[in-house]
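[1] A predicted structure for the sequence below; I have some questions about it.
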Amino acid sequence: MMDPNALVQEVLDDLVGRDIERGLQVAAYLDGQLIVDAWAGLADAHTGRPVDGETLFGVFSTSKGLTATIIHILADRGLLEYDAPVARYWPEFAAHGKGGITLRHVFTHTAGLPQMPPGAGVPQQCDWDWMVHALEQLAPLWEPGTLAGYHALTYGWLLGEVARRVTGRGIDQLLQDEICAPLGINSLFFGIPDAVEPRVARLEAAPAPPPSDDSPAWLAIPRTCWPLHEWANRPEIRRAVIPAGVGIGNARAIARHYAALVGPVDGVRLLSSQRLALALAPQAPVNDLETGLPSTRALGYSPFGPPSLPGALPPFGHGGAGGSIGYADPAYRVAFALAKTRMVSDAPAGEDAVSLVGAALARMIP
């Protein structure tokens, strides 16, 4: 069999060579061992800086999976309960009819709070206390639990403030303490320190229209955030703690995190097997605000189909705007992450980075 790393490297070189991608990284773990650590292309097309193994990427909503893991770690320790009202931990949150919103509602995007608060421009988005107080003043747009609407950014402040209330630590510090330190990761952040700025890739996008004026997406991601790649490239946004949309890291770190959810990595497992099963249990379907169709989610992670083997837990993870992704399949004890600079691709169906790399990885699974 071809060396796994060489096989994926060939795919990445081809994607860059055909100008489908500008710069990207892929990492994969099998049974807690790193089997793929590959990269190609440019981290910054303006300067010609190449991608390497230490390059950091903005991964947008891929960071939601990291936020979810932190909350599950705290639940595993008995500090949180999924069906407890958020206001049990954060009393001020109960204002304006929010007393019945639970952590489960937030995890499943059924809390009724996808909307960003009025006046939440870039400076306010970078101010944790301002955002928390503004969220306290909101009223839900629907009865919690009756409708699903993607909480693109508010998800992070809602769960992050709960975590801060029960631990006394910000979610940026919890990421370092509870995920990075145990796993020896130095390339994963909610808010980068100045010292790593030279490692961060510049995101870019091919021409693509923002949502239509009547789209619910404007509620969740206001015009101050568009175009998304320019917003995420801003130095102040890179340094802000926005844990649903501005995680910054590399593929190796994201994959290592997922590997430690489905098995031990150097003796470290982030969640008990019982807790992971609770986190991945499919929730009752709820009609989605945008599509009108039933939406089924796990607790903070996206389910990626049925179990790969009978009796196993289903594949899970979270993707982000532009194509970044973190993923694990408990049945095969495999974890995978992809991070990249180009947010929009004109690749035909099946020729995009995730599809091609996924096909290469599938050839490696015993």
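    Perfect, thanks for sending it.

[2] all strands for the chain, in order.
    Secondary structure of the chain, counting by DSSP state E: strands at 23-30, 33-44, 49-50, 57-58, 188-190, 247-249, 286-287, 294-295, 302-303, 316-319, 325-329, 334-340.

[3] ok, now which ones touch residue 97?
    Residues in contact with residue 97 (Cβ atoms under 8 Å, 6 or more residues apart in numbering) are 139-140. From N, CA and C alone the C-beta is placed, and that goes for glycine too.

[4] correct me, but residue 258 touches residue 29?
    Yes: counting by Cβ atoms under 8 Å, residue 258 touches residue 29, with 7.5 Å between them.

[5] anything in contact with each of these two?
    Common neighbours of residue 258 and residue 29, counting by Cβ under 8 Å, 6+ apart, are 335-336.

[6] ok, residue 167 touching residue 77?
    No: contact criterion Cβ under 8 Å: residue 167 and residue 77 do not qualify, at 9.6 Å.

[7] more neighbours, the two?
    Legend: neighbour count by other Cβ atoms under 10 Å for residue 167 and residue 77, higher for residue 167 (18 against 12).

[8] ok, now which ones touch that one?
    Taking Cβ under 8 Å, 6+ apart as the definition, contacts of residue 167 comprise 74, 79, 174.

[9] the second one is in contact with residue 165, isn't it?
    No: the pair residue 79 and residue 165 fails to qualify as a contact (Cβ under 8 Å) at a distance of 9.9 Å.

[10] how about the helices in the stretch 1-150 of the chain?
    Ranges of helices in the stretch 1-150 of the chain, per DSSP state H, counting those that start in this stretch, are 4-17, 63-76, 86-89, 103-107, 122-125, 128-136.

[11] quick one: pLDDT of residue 227?
    The score at residue 227 is 89. That number is its pLDDT.

[12] how about the nearest residue to it, chain neighbours excluded?
    Of all residues not flanking residue 227 in the chain, residue 205 sits nearest, at 6.2 Å (Cβ to Cβ, 6 or more residues apart in numbering).

[13] ok, residue 61 next?
    Counting by Cβ to Cβ, 6+ apart, residue 320 is the residue found nearest to residue 61 once chain neighbours are left out, at 4.2 Å.

[14] and the closest residue to residue 68 other than its chain neighbours, how many neighbours?
    Counting by Cβ to Cβ, 6+ apart, residue 300 is the residue found nearest to residue 68 once chain neighbours are left out, at 2.6 Å. Residues near residue 300, counting by other Cβ under 10 Å, number 27.

[15] quick one: residue 30 from residue 62, how far?
    Residue 30 sits 20 Å away from residue 62, going by Cβ to Cβ, to the nearest Å.

[16] low pLDDT regions in this protein?
    Scanning the chain for pLDDT under 70 picks out 1, 206-216, 345-346, 365-366.

[17] list the contacts for the residue sitting nearest the centre point of it?
    For the chain, the residue sitting closest to the mean C-alpha position, by Cα atoms, centre = their mean, is residue 62 at 2.0 Å. By Cβ under 8 Å, 6+ apart, the contact set of residue 62 is 247, 254, 318-320, 324-326, 337, 339.

[18] and those residues, which is closest to residue 17?
    Checking the contacts of residue 62 against residue 17 with Cβ to Cβ, the nearest one is residue 339 at 19.0 Å.

[19] report the contact partners of the closest one.
    Residues near residue 339 by Cβ under 8 Å, 6+ apart: 24-25, 57, 59, 62, 249-251, 254, 324.

[20] let's see it at 7 Å
    Neighbouring residues of residue 339 by Cβ atoms under 7 Å, 6 or more residues apart in numbering: 24-25, 57, 59, 250-251, 324.

[21] any idea what it is bridged to?
    Partner residues in beta bridges with residue 339, using DSSP bridges, are residue 25.

[22] and the residue lying closest to residue 221 once chain neighbours are set aside, how many neighbours does it have?
    Leaving aside its sequence neighbours, residue 221 sits nearest to residue 152 (Cβ to Cβ, 6+ apart; 5.1 Å). Residue 152 has 21 neighbours, counted by other Cβ under 10 Å.

[23] repeat that for residue 95.
    A count of neighbours around residue 95, defined by other Cβ under 10 Å, yields 14.

[24] quick one: the closest residue in space to it that isn't next to it in sequence from residue 112, how far?
    Counting by Cβ to Cβ, 6+ apart, the nearest residue to residue 95 once its immediate chain neighbours are dropped is residue 136, at 5.5 Å. The spacing between residue 136 and residue 112, counted by Cβ to Cβ, is 14 Å.

[25] between these two, which is the more surrounded one?
    The residue with more neighbours, out of residue 136 and residue 112, is residue 112; 24 against 18, by other Cβ under 10 Å.

[26] residue contacts, that one?
    Residues near residue 112 by Cβ under 7 Å, 6+ apart: 140-144.
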